[in-house]
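Enquirer: I'd like to go over a predicted model; first the sequence, then the structure.
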Amino acid sequence: MSKKFPIALTVAGTDPTGGAGVLTDIKAFHSREVYGMSAVTSLTAQNTLGVQDVYNIPVDFLNAQLTSIFDDELPDAMKSGMIATADMMEVIKGFVEKYRIPYVIDPVMIATSGDNLIDDKAIDYLRDHLIQTALCITPNIIEAERLSGLSIKTEEDINRAAKIFINDLGVQSVIIKGGHLKGDAVDYLFTKEHVQRLSSERIDTNHTHGTGCTFSAVITAEIAKGKSLESAFKTGKNYITNAIKNTPGIGKGNGPVNHFSYKGE
Ligand SMILES: Nc1ncnc2c1ncn2[C@@H]1O[C@H](COP(=O)(O)OP(=O)(O)OP(=O)(O)O)[C@@H](O)[C@H]1O
Ligand SMILES: Cc1ncc(COP(=O)(O)O)c(N)n1
């Protein structure tokens with residue numbers, strides 16, 4: 001039988017309260033009418049107040065999950081989020097290279113609550129070996145600083161960081177997200193050829209848990225449908241702006257975003 005929906009895969013950690021990681025990714029895929037699959041890298045005990053504990057899945061078992069998926073059906077696109085160790089990254093890189101699947105990397109390092117989610121060796125592996133395998137990487141300002149080695153305060157700094165990503169680190173394209181800067185929420189897509197700048201008004205809220213996961217999941221879903229990266233970026237931006245604006249108001253801390261109400265392009 002031939003499949004009736006595009007398929008997107010997320011390789012990431014869990015958040016039992018559903019705000020970040022694989023659960024928010026699957027909600028975003030579903031909301032974009034894309035069939036979702038997941039391979040779990042770490043189980044976390046976390047909520048809107050912070051991360052209480054982390055259990056990393058043994059690397060062989062991550063390999064087993066990915067083997068189960070790829071032996072059965074090839075996803076049209078995949079993304080990764082929290083990948084706690086370099087060993088896990090090596091396994092994921094093997095699948096991406098073997099199956100040549102369009103791959104979006106959200107280089108998750110630290111939770112909104114300030115808790116570290118991946119170790120230093122993993123950050124080095126991400127910078128030196130993994131980001132080169134992706135169609136696009138989606139760092140926030142802190143992640144872009146860590147990977148590029150620059151301090152980023154202005155639009156000029158963002159341009160300089162993008163040059164490092166593309167010219168020195170060998171990345172195909174990068175979306176640097178301005179969610180953590182002051183003023184409007186401005187994101188930039190850089191490829192070798194051009195820059196696309198998307199801006200929205202900053203929404204005054206602390207309910208931004210999982211915004212980066214959701215944004216990259218929507219982009220991955222659109223790529224799975226065969227949309228261009230530029231078009232996927234626009235949909236991701238519209239979706240996340242609406243999702244933050246219509247917060248479901250869950251939890252006592254940094255709450256999650258809304259997956260119900262965006263039906264646009
Ligand atoms: N207060 C806000 N108002 C409007 N848009 C926002 C706001 N905060 C973040 N965004 C948007 O949400 C998306 C994710 O950006 P952000 O920089 O928060 O990523 P992140 O830090 O990786 O997210 P996460 O909280 O999941 O770690 C971007 O499109 C960004 O512009
Ligand atoms: C499993 C997992 N993946 C990603 C994040 C980052 O999301 P946020 O920065 O919004 O806490 C997280 N907290 N947990």
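Expert: Thanks, I have it. Ligands and ions are numbered 1, 2, ... in the order given.

Enquirer: Would you map the strands across the stretch 101-250 of the chain?
Expert: 103-105, 136-137, 173-177, 185-191, 195-200 (DSSP state E, counting those that start in this stretch).

Enquirer: Check those strands for me and report the most buried one.
Expert: Ranked by mean neighbour count under mean count of other Cβ atoms under 10 Å, the strands of the stretch 101-250 of the chain are led by strand 103-105, which reaches a mean of 29. C-beta here means a position set from N, CA and C on the backbone, and glycine is covered the same way.

Enquirer: Relative to it, what are the paired strands and their orientations?
Expert: Taking DSSP bridges as the criterion, strand 103-105 forms sheet pairs with strand 77-80 (parallel), strand 136-137 (parallel).

Enquirer: Name the residues that touch it?
Expert: 77-80, 96, 126, 130-131, 133-138, 216, 219-220, 223 (Cβ atoms under 8 Å, 6 or more residues apart in numbering).

Enquirer: Specify the stretch among the strands of the stretch 101-250 of the chain that is closest to ligand 2.
Expert: Proximity of those to ligand 2 was assessed by Cβ to the nearest ligand atom; the nearest stretch is strand 173-177, lying at 11.2 Å.

Enquirer: can you count the residues close to Ser68?
Expert: Residue neighbour count, defined by other Cβ atoms under 10 Å, stands at 11 for Ser68.

Enquirer: what about it, distance to ligand 2?
Expert: For Ser68, the distance to ligand 2 equals 21 Å [Cβ to the nearest ligand atom, to the nearest Å].

Enquirer: While we're on that residue, how confident is the model there?
Expert: Residue-level confidence at Ser68 comes out at 98, pLDDT.

Enquirer: which other helices and strands contact the helix or strand harbouring it?
Expert: With secondary structure defined by DSSP states H and E, Ser68 is part of helix 59-72. Contact analysis of helix 59-72 by 3 or more Cβ pairs under 8 Å, 6 or more residues apart in numbering; DSSP states H and E lists strand 7-12, strand 35-40, helix 86-99 as its packing neighbours.

Enquirer: just to revisit the earlier point, Gly264: which of the strands paired with strand 103-105 is closest?
Expert: Put simply, out of the strands paired with strand 103-105 the one that sits nearest Gly264 is strand 77-80, at 20.2 Å, with distance taken as Cβ to Cβ.

Enquirer: is ligand 1 contacted by the closest one?
Expert: No - figure legend: strand 77-80 not in contact with ligand 1 (Cβ under 6 Å from any ligand atom); closest approach 12.5 Å.

Enquirer: give the contact list for the residue nearest to Asn258 when sequence neighbours are not counted.
Expert: If you skip the residues right next to it in sequence, Asn258 has Asn246 as its closest partner in space, 4.1 Å away by Cβ to Cβ, 6 or more residues apart in numbering. With Cβ under 8 Å, 6+ apart as the criterion, the residues that contact Asn246 are Asn258, Phe260, Ser261.

Enquirer: Return the distance of the residue lying closest to the last one once chain neighbours are set aside relative to Phe29.
Expert: Distance criterion Cβ to Cβ, 6+ apart; nearest residue to Ser261, sequence neighbours excluded, is Asn246 at 5.0 Å. The gap separating Asn246 from Phe29 is 19 Å, by Cβ to Cβ, to the nearest Å.

Enquirer: Can you give me every residue that contacts the most centrally placed residue in the chain?
Expert: With the centre of the chain defined as its mean C-alpha position, the nearest residue by Cα atoms, centre = their mean is Asp106, 3.0 Å away. Contacts were defined as Cβ under 8 Å, 6+ apart; by that measure Asp106 touches Lys79, Ser80, Gly81, Ile137, Thr138, Gly212, Cys213, Phe215, Ser216.

Enquirer: ok, so what distance separates the residue nearest to Ser261 from ligand 1?
Expert: Taken as Cβ to the nearest ligand atom, the spacing of Asn246 relative to ligand 1 amounts to 12 Å.
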